[in-house]
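Peer 1: for reference, the sequence and a predicted model appear below.
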Amino acid sequence: HVQLVESGGGSVQAGGSLRLSCAASRYTYAMGWFRQTPGKEREAVAAIDGHGDAKYAESVKGRFTISKDNAKNTLSLQMDSLKPEDTAMYYCAAKLGFLSFEVRAYENWGQGTQVTVS
């Protein structure tokens, strides 16, 4: 089991930036950021593997950047040009094995951090 702790959420005006961070209790090869709003299913935002290969949701491409520090067991998400539709609870997740964009593929989840864009 991997413990994950997110930080960096908050409130920002449209067009602004936020940086989310996730600290993991140990190394995992693939990690990702997911988000969820009330009444909707959790969706993938960005994911990255230990080699640095990354995948993004179409809605955030060109605005968000995911990064992973394998030595420090940390995951980050730089979010620029934020839009009101980015408002959600953001979750860090980790999994064994290869990179995946599927929510159900991830075994370990953080508690989430709220991002509000107005």
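Peer 2: It's in. Please read all numbers here as calculations on a predicted model, not as lab measurements.

Peer 1: mind listing what Y90 touches?
Peer 2: E6, G9, L20, W33, F34, R35, V45, L77, G112, T113, Q114, V115 (C-beta atoms under 8 Å, 6 or more residues apart in numbering). All C-beta spots, glycine's among them, are computed from the backbone N, C-alpha and C.

Peer 1: report the buried members of the residues you listed.
Peer 2: By neighbour count, with 16 or more other C-beta atoms under 10 Å, the contacts of Y90 hold E6, G9, L20, W33, F34, R35, V45, L77, G112, T113, V115 as buried.

Peer 1: hmm, E6 is touching A24, no?
Peer 2: No: counting by C-beta atoms under 8 Å, E6 sits too far from A24 to count as a contact (10.5 Å).

Peer 1: which stretches of this structure form strands?
Peer 2: Here the chain has its strands, by DSSP state E, at 4-7, 10-12, 18-24, 30-36, 43-48, 54-56, 64-69, 74-79, 88-95, 108-109, 113-117.

Peer 1: quick one: which of the buried ones among the contacts of Y90 is nearest E102?
Peer 2: F34 (10.2 Å; C-beta to C-beta).

Peer 1: quick one: residues contacting that closest one.
Peer 2: Neighbours of F34 in contact, by C-beta under 8 Å, 6+ apart: R42, E43, A44, V45, Y90, Y91, A93, V103, Y106.

Peer 1: need the buried ones from these selected in PyMOL.
Peer 2: A single PyMOL command selects the buried members of the contacts of F34 (16+ other C-beta under 10 Å):
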select buried, resi 42+44+45+90+91+93+103+106
